[in-house]
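Trainee: Could you look at this predicted model? Sequence included:
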Amino acid sequence: MVSNDQRRRQLAREKYERQQQRRAEARRKSRRRNAVIASALAVVLAGGAVAYATGALGGDDAKDATVADAAPSATPSKKAPDPCEKPAPGAIKKLSYKKEPALTIDKSAPYTMKLRTTCGDITLGLDAAKAPRTVNSFNFLAGKGYFDHTKCHRLTTGGIYVLQCGDPTAQGSGTPGYKLPDENLKDPKLKGGVYPAGTVAMANAGPGTGGSQFFLVYQDSKLPPNYTPFGTIKGGMDVLKKIAGAGEASGQGDGAPNATVVIDKATVTK
């Protein structure tokens, strides 16, 4: 016959074994849950990487596809000091045109676009021979003051290294009202799917959707040849490096620059 003391020990042992079983089951469930989360996170990050490589330079008529659209949110890094001056007085002109301007440039002549920005001057050599309709559009828009007082709204600092400008809304959706065809996509400078440092190219929302937004490459950037290269940076790379050095606001490598980059005046000359 089992004594009361033995019965108490037996019950305590059974209770202990049940507790251990519950804890083991909880650990198994936790491992399964963590594995599912890790798997889902890997898929999300992979999707974000694809979006970053293929759609990070959207613009004109479409919201930009960014890393933040697909990847989990990150805590923004500490904002660096703004290295730029205050913008010049003036307001953005709200201009829109129903159709692309008539081709009036001389395709055999060199053209220069000067961006006088709050961070310093940037000089661009435009290739009218290889991208005549794009250069003609920039000549037209700059002459109308379209770019004056607009912000360069986007900086990428990882994977691709560009400053994106030319959007009066500063939201990635600005357009002059017309769309430009893609040009010069087979430029031999775009070797191995790389836009080399110093390239000036069009942002777009897909084939044949160029407008006014463009990007300046300050470091070799691996991108598909989908963005019209229409010029090179002739001066002001130090300005771009200064802007990049101040970082971007999201902390994810793709967002608004911490530097207040405003184009006070844009001019195109032959």
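Mentor: Perfect, thanks for sending it. Residues are numbered from 1 along each chain as shown.
Trainee: What is the neighbour count of E183?
Mentor: Close neighbours of E183, defined as other CB atoms under 10 Å, add up to 19. In this view, the C-beta of every residue, glycine as well, is placed from N, C-alpha and C.
Trainee: The nearest residue to G120 once chain neighbours are set aside in helix, strand or coil?
Mentor: Nearest residue to G120, sequence neighbours excluded (CB to CB, 6 or more residues apart in numbering): V239, at 3.8 Å. Following DSSP: H, G, I helix; E, B strand; the rest coil, we place V239 in the helix state.
Trainee: contacting residues around V239?
Mentor: T117, C119, G120, D121, I122 (CB atoms under 8 Å, 6 or more residues apart in numbering).
Trainee: separation between it and T228?
Mentor: Using CB to CB, to the nearest Å, V239 is found at 23 Å from T228.
Trainee: can you check S96 too?
Mentor: To T228, S96 is 21 Å away according to CB to CB.
Trainee: who's more crowded, those two?
Mentor: Counted by other CB under 10 Å, S96 and T228 do not tie: T228 has more neighbours, with 25 against 11.
Trainee: So for the more buried one, what's the pLDDT?
Mentor: pLDDT for T228: 98.
Trainee: residue ranges for the strands of this structure, please.
Mentor: Secondary structure of the chain (DSSP state E): strands at 111-117, 120-126, 150-151, 154-158, 160-165, 194-195, 199-202, 214-217, 221-222, 229-235, 254-255, 262-269.
Trainee: So which of those strands is nearest K179?
Mentor: Ranking the strands of the chain by their distance to K179 (criterion: CB to CB) puts strand 199-202 first, at 10.7 Å.
Trainee: Just give the strands next to that closest one in its sheet, each with its orientation.
Mentor: According to DSSP bridges, strand 199-202 forms sheet pairs with strand 214-217 (antiparallel), strand 229-235 (antiparallel).
Trainee: chain center to the longest one, what's the gap?
Mentor: The one in question is strand 229-235. Relative to its parent chain, strand 229-235 has a centroid offset of 19 Å by CA atoms, centre = their mean, to the nearest Å.
Trainee: in that strand, what's buried?
Mentor: Buried residues in strand 229-235, counting neighbours by 16 or more other CB atoms under 10 Å, are found at P229, F230, G231, T232, I233, K234.
Trainee: where's the nearest residue to the third one once chain neighbours are set aside relative to P229, distance?
Mentor: The spatially closest residue to G231, leaving aside those adjacent along the chain, is V200, at 3.8 Å (CB to CB, 6+ apart). V200 sits at a distance of 7 Å from P229 (criterion: CB to CB).
Trainee: got it, and Y111?
Mentor: Remark: distance between Y111 and P229 (CB to CB) = 15 Å.
Trainee: Kindly report the same for G245.
Mentor: The gap separating G245 from P229 is 25 Å, by CB to CB.
Trainee: my guess is the residue nearest to G231 meets K234, correct?
Mentor: No. Taking contacts as CB atoms under 8 Å, V200 lies outside contact range of K234: 9.7 Å.
Trainee: Quickly list what's touching both of the two.
Mentor: Counting by CB under 8 Å, 6+ apart, the residues touching both V200 and K234 are L124.
Trainee: which stretches of the stretch 51-200 of the chain aren't confidently modelled?
Mentor: Where the stretch 51-200 of the chain drops to pLDDT under 70, the residues are 51-56, 58-80.
Trainee: tell me the helices in it, going along the chain?
Mentor: Shown for the stretch 51-200 of the chain, the helices assigned by DSSP state H, counting those that start in this stretch span residues 67-70, 132-144.
Trainee: Just put these in a markdown table and tack on distance to E100.
Mentor: Shown next, in a markdown table, are these (distance: least, CB to CB, whole Å):
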| stretch | distance to E100 |
| --- | --- |
| helix 67-70 | 30 |
| helix 132-144 | 7 |
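Trainee: Go ahead and confirm K99 touches K179.
Mentor: No. Using CB under 8 Å as the test, K99 is too far from K179 to be in contact (9.8 Å).
Trainee: Show me which of these two is the more surrounded one.
Mentor: K179 (17 against 8).
Trainee: Alright, that wraps it up for me.
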